[in-house]
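Visitor: Just a sequence and a predicted model for now, questions to come.
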Amino acid sequence: QQQVKQSPQSLIVQKGGISIINCAYENTAFDYFPWYQQFPGKGPALLIAIRPDVSEKKEGRFTISFNKSAKQFSLHIMDSQPGDSATYFCAASSKGTYKYIFGTGTRLKVLA
Amino acid sequence: SAVISQKPSRDICQRGTSLTIQCQVDSQVTMMFWYRQQPGQSLTLIATANQGSEATYESGFVIDKFPISRPNLTFSTLTVSNMSPEDSSIYLCSVATGTTEAFFGQGTRLTVV
């Protein structure tokens, strides 16, 4: 019940295309869902996050879509760029805990 | 956000030895955590570093193997004890600044030979 399932494991997208990464969870106590971006040799960097009281959040080219009834959320990267090539992790935490359960990661490669 | 410095950034250690990793934050933070990221894998929470008291360990992690200190609100250490090759991982310090957002250090890449 503590797991966060992430797919796909890897993704190749053409420059200018849309990258979509999906996550699903079981624990209904989760109430905060961040996405992290990690470049090789670096720590994860917070990209965007959402709470279950909204169905979508957009920041620049990055959008989180959230489906509370299906217990699923996804990251959309519009106009994908080669500089977006990285590993993306979804995560979830319960209210007030600050402790994250991470998905398994998606290695994104954007072709120039 | 918080600026997190981890030392060392990488190390190669002999099996059976111990390594202490330091995490320094540029401001006082509510919570500090230690995560492990095995090669090509996701992040797994090791423990919550509690200021002034014993750390809280997650299932599968024990104090004898991963002793943690947190003497104040800006500093913590994680020791990886009696290392084996299976301990080869990236160890990451994470902090929460009073909101739900958590920030990560650059990590310590440990190789045990």
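Guide: Sure, I can see it.
Visitor: C-alpha from now on. contacts and neighbour counts both.
Guide: Fine.
Visitor: Show the pLDDT at the residue of chain A found nearest chain B.
Guide: Per C-alpha to the nearest C-alpha, residue A:43 is where chain A lies closest to chain B, at 4.2 Å. With respect to pLDDT, residue A:43 scores 92.
Visitor: Which of the three states applies to it?
Guide: Of the three states, residue A:43 takes coil under DSSP: H, G, I helix; E, B strand; the rest coil.
Visitor: give me phi/psi at it?
Guide: phi -80, psi 160 (degrees, to the nearest 10).
Visitor: contacting residues for it?
Guide: Counting by C-alpha atoms under 8 Å, 6 or more residues apart in numbering or on different chains, residue A:43 touches B:92, B:104, B:105, B:106, B:107.
Visitor: Beta-bridge partners for the closest residue to the second one other than its chain neighbours, please?
Guide: It refers to residue B:104. In this structure, residue B:104 finds its nearest non-sequential neighbour in residue B:94, 4.4 Å apart by C-alpha to C-alpha, 6 or more residues apart in numbering or on different chains. Using DSSP bridges, the beta-bridge partners of residue B:94 come out as residue B:33, residue B:104.
Visitor: quick revisit: filter the contacts of residue A:43 down to the buried ones and express that as a PyMOL selection.
Guide: Here is the PyMOL command that picks out the buried ones among the contacts of residue A:43, judged by 16 or more other C-alpha atoms under 10 Å in any protein chain shown:
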select buried, chain B and resi 92+104+105+106+107
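Visitor: and which of the contacts of residue A:43 is nearest chain A?
Guide: For these, the nearest to chain A is residue B:106 (4.2 Å; C-alpha to the nearest C-alpha).
Visitor: on that earlier part again, I figured the residue nearest to residue B:104 was touching residue B:33, is that so?
Guide: Yes: with contact defined as C-alpha atoms under 8 Å, residue B:94 reaches residue B:33; the gap is 5.0 Å.
Visitor: Before I go, just wanted to say thanks for your time.
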